[in-house]
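K.L.:
okay, here's the prediction I keep looking at, along with the sequence it came from:
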Amino acid sequence: MQDKKIIVWFRADLRLKDNPALHHAVSQGAIIPVFIFDEQGAGDFSIGDGSKWWLHHSLAALSDSLDGKLQLYRGTTAVVLEKLIKQFDVSSVYWNRCYEPWVTERDAQISKKLLEQGIDVQTFNGSLLWEPQEILKSDGTPYKVFTAFFKRCTGISGDLRIVISKPTKIKFVPVKHATSVEDLQLLHHNPVAGRFDNYWTPGELQAHKILQKFIEYHLKNYKIGRDFPAQESVSLLSPYLHFGEISPVQIWDKIKDIGHEYASRDNVEHFLKELAWREFAYHVLYHQPTMPRKNLQHKFDHFPWRYDKDDLQAWQLGMTGYPVVDAAMRELFNTGYMHNRMRMVVASFLIKNLMINWHQGEDWFWQLLVDADLASNSFNWQWVAGSGYDAAPYFRVFNPTAQGKKFDKNGEYTRRWLPELAKLPDKYLFEPWLAPENVLREASIVLGSTYPKPMVDIAKSRTRTLGAFNKLK
DNA sequence: TGAAATGTTGGGGCG
DNA sequence: ACGCCCCAACATTTC
């Protein structure tokens, strides 16, 4: 009997190990592995420069691991698939599910059309621990509070699927197709290309190396260490997770029973909880598809945001005059990544000191982050803004100076990204405007010239925003 | 996964 | 010895 021909449609699952769609396809016939670059329908959230950069390298890595058999296309997904199906007499299309509203909508249409044509369509869960449609409160409504969500999910954690190993042998349908990763032009006119090259190695292989390194050296101090941006105490797995170079099931499985020789229980559980926050973001996005643009708490709809292009740009480029904020924004600009605590600090500054709409920050992050993820990004911006369901209270405002003194005590992180302040003593590093003339001169700093003066008064701007908030009630 | 404002306590200086 | 004040240190409340 002739082999069944199955298209494995790669999306946010750019890996061979623990890939349900690939695994099932390989066990049932010969495959055509396909990736289609198609951003039609993404609206305001078509792929950003940072993600494009990562995707390029990630696809190159996947293509290598598939012996160059990955078929790459640029175009309308439905059209590409149908053409392939006709050309190669394909019987089945398998893929792992995605959860962005525009993607689920498109995929539902594609699935319907293919089924009507008698094509066998099978979709799988490859990207989440707990899929949103399966987790509901006893009253049938989605969760709005993390703790309850977490309790429910971990209560049924025995239901997590077993990690699937890499297919031992893959049979490919012979396909002649010349499009290479370069032809997708993901690095074409991409301003971050080159800039990010020094910091990352995308790909499945590296994802596992990084996880291993994290477990060996950093997990033991995760709970406390994760607050200090100069330390390497965080996993750095977020971009790998976003593109599916590693799955949350693989990570969860590897971490959950870690022995005491590597890390204590509270460190392990704290890390697992962070994975669960990602799940919660997907849960809320799935059930509330307007999350990327609409306040989850509607009373925020009447908030009198300022729109000031220059202020926004000063924030974007790390020229606010607050060293901790600027260091973090430069880290983002140069690497496509920002440490978690710093994300909270810069978001708080934009929203609560500059009083600029969280959408502006969301967009800038979306453009640059290599781990830009619709669910996590919009969820967390709403978290900081206070407009989310289970969000930080609105009045929680970070003070960049205090955050620096607390979490970057010896200025290692701040100096790393702000070389122009490198020679400033610790005492004034987080508030250079207080430094005496001679200290500034010693450090070769001219405020307003080599480094900006603070663009707002922290106390006054905080009061202004809190006042505006109080009027909403 | 805050920070500022306000309240309380207790030790030491001093008349 | 005692009361009073000051203020640091910590706790609580408020935004």
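P.N.:
Nice, I can see it. Because the structure is a prediction, the values reported are computed rather than measured.

K.L.:
what residues does the stretch 251-400 of chain A put near DNA strand C?
P.N.:
With CB under 7 Å from any atom of the strand as the criterion, the stretch 251-400 of chain A comes near DNA strand C at residues A:393, A:395. Any C-beta I mention is one placed from the backbone N, CA and C, and that applies to glycine too.

K.L.:
all helices of the stretch 251-400 of chain A, in order?
P.N.:
A:265-287, A:309-316, A:323-335, A:340-348, A:358-368, A:374-385, A:400-407 (DSSP state H, counting those that start in this stretch).

K.L.:
residue ranges of each domain in chain A, please.
P.N.:
With domains defined by automatic domain parsing, chain A comprises A:4-126, A:128-163+A:205-287, A:298-472.

K.L.:
including mean pLDDT, could those go into CSV?
P.N.:
Compiled in CSV, those are given as follows (pLDDT from 0 to 100):
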stretch, mean pLDDT
domain A:4-126, 98
domain A:128-163+A:205-287, 95
domain A:298-472, 96
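
K.L.:
nearest to residue A:169, of those?
P.N.:
For the domains of chain A, proximity to residue A:169 was assessed by CB to CB; domain A:4-126 is nearest, at 7.9 Å.

K.L.:
got the end-to-end distance for that closest one?
P.N.:
One end of domain A:4-126 sits 22 Å from the other (CA to CA, to the nearest Å).

K.L.:
I'd like the next helix or strand past the longest strand belonging to chain A.
P.N.:
When chain A is parsed with DSSP state E, its longest strand is strand A:29-37. Next helix or strand after strand A:29-37 toward the C-terminus (DSSP states H and E): helix A:49-65.

K.L.:
find the nearest non-adjacent residue to the residue nearest the centre of chain A, please.
P.N.:
By CA atoms, centre = their mean, chain A has its centre lying nearest to residue A:371, at 3.3 Å. Using CB to CB, 6 or more residues apart in numbering and skipping residues adjacent in sequence, the residue nearest residue A:371 is residue A:238, 3.6 Å away.

K.L.:
ok and the residue in the stretch 251-400 of chain A nearest DNA strand C?
P.N.:
Nearest to DNA strand C in the stretch 251-400 of chain A, going by CB to the nearest atom of the strand, is residue A:395, at a distance of 3.9 Å.

K.L.:
what helix or strand is the residue nearest to that residue when sequence neighbours are not counted on?
P.N.:
Leaving out its chain neighbours, the residue that sits closest to residue A:395 by CB to CB, 6+ apart is residue A:466, at 6.0 Å. Taking DSSP H and E as the definition, one finds residue A:466 inside helix A:458-472.

K.L.:
in that helix, what counts as buried?
P.N.:
Of the residues in helix A:458-472, A:458, A:461, A:462, A:464, A:465, A:468, A:469 count as buried by neighbour count, 16 or more other CB atoms under 10 Å.

K.L.:
and stretch A:197-208, by the same measure?
P.N.:
Buried-residue list, stretch A:197-208, by 16+ other CB under 10 Å: A:200, A:202, A:203, A:204, A:206, A:207, A:208.

K.L.:
C-terminal to the helix or strand that contains the last one, what's the next element?
P.N.:
Of the helices and strands defined by DSSP H and E, residue A:208 is found in helix A:204-213. Secondary structure here is assigned by DSSP H and E; on that basis, the next helix or strand after helix A:204-213 toward the C-terminus is helix A:222-225.

K.L.:
any part of that following helix near DNA strand B?
P.N.:
No: Helix A:222-225 does not reach DNA strand B (CB under 7 Å from any atom of the strand); its nearest approach is 8.6 Å.

K.L.:
just to revisit the earlier point, out of the buried residues of stretch A:197-208, which comes closest to residue A:338?
P.N.:
Here the nearest of the buried residues of stretch A:197-208 to residue A:338, counting by CB to CB, is residue A:200; it sits at 13.6 Å.

K.L.:
can I assume that closest one sits in a strand?
P.N.:
No: note on residue A:200: no strand contains this position according to DSSP: H, G, I helix; E, B strand; the rest coil, which reports coil.

K.L.:
need phi/psi at it.
P.N.:
Here is the backbone geometry of residue A:200 (degrees, to the nearest 10): phi -140, psi 150.

K.L.:
so how far is the helix holding residue A:208 from its chain's centroid?
P.N.:
Put simply, helix A:204-213 sits 17 Å off its chain's centre (CA atoms, centre = their mean, to the nearest Å).

K.L.:
same for it, what does it pack against?
P.N.:
Helix A:204-213 is packed against helix A:49-65, helix A:238-242, helix A:248-256, with contacts defined by 3 or more CB pairs under 8 Å, 6 or more residues apart in numbering; DSSP states H and E.

K.L.:
coming back round to it: now the domains of chain A in a markdown table, with distance to residue A:178?
P.N.:
Formatted as a markdown table, the domains of chain A follow (distance: least, CB to CB, whole Å):
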| stretch | distance to residue A:178 |
| --- | --- |
| domain A:4-126 | 10 |
| domain A:128-163+A:205-287 | 24 |
| domain A:298-472 | 28 |
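
K.L.:
out of those, nearest to residue A:194?
P.N.:
Closest among the domains of chain A, using CB to CB: domain A:4-126, at 9.2 Å.

K.L.:
next one: that closest one to chain centre, how far?
P.N.:
20 Å.

K.L.:
which bits of chain A sit near DNA strand B?
P.N.:
Counting by CB under 7 Å from any atom of the strand, chain A sits next to DNA strand B at A:274, A:277, A:340-341, A:344, A:392-393, A:395-399, A:402-403, A:406, A:458-459, A:462.

K.L.:
ok, of the residues you listed, which come out buried?
P.N.:
The buried subset of those - by 16+ other CB under 10 Å - is A:277, A:341, A:344, A:392, A:397, A:398, A:399, A:403, A:458, A:462.

K.L.:
what's the farthest-apart pair in these?
P.N.:
A:277 and A:458 (28.2 Å).

K.L.:
which residues touch residue A:34?
P.N.:
A:7, A:8, A:9, A:10, A:70, A:71, A:72, A:73, A:80, A:81, A:84 (CB atoms under 8 Å, 6 or more residues apart in numbering).

K.L.:
any idea which element the second one lies in?
P.N.:
Residue A:8 belongs to strand A:4-10 when assigned by DSSP H and E.

K.L.:
report all helices and strands that that strand contacts.
P.N.:
helix A:20-28, strand A:29-37, helix A:77-88, strand A:92-96.

K.L.:
the longest one versus strand A:92-96: what angle between them?
P.N.:
Counting by axes from the mean of the first three to the mean of the last three CA atoms, to 10 degrees, helix A:77-88 points 140 degrees away from the direction of strand A:92-96.

K.L.:
contacting residues around helix A:77-88?
P.N.:
A:5, A:7, A:9, A:32, A:34, A:36, A:38, A:71, A:73, A:90, A:93, A:106, A:109-110, A:113-114, A:117, A:119, A:173, A:175.
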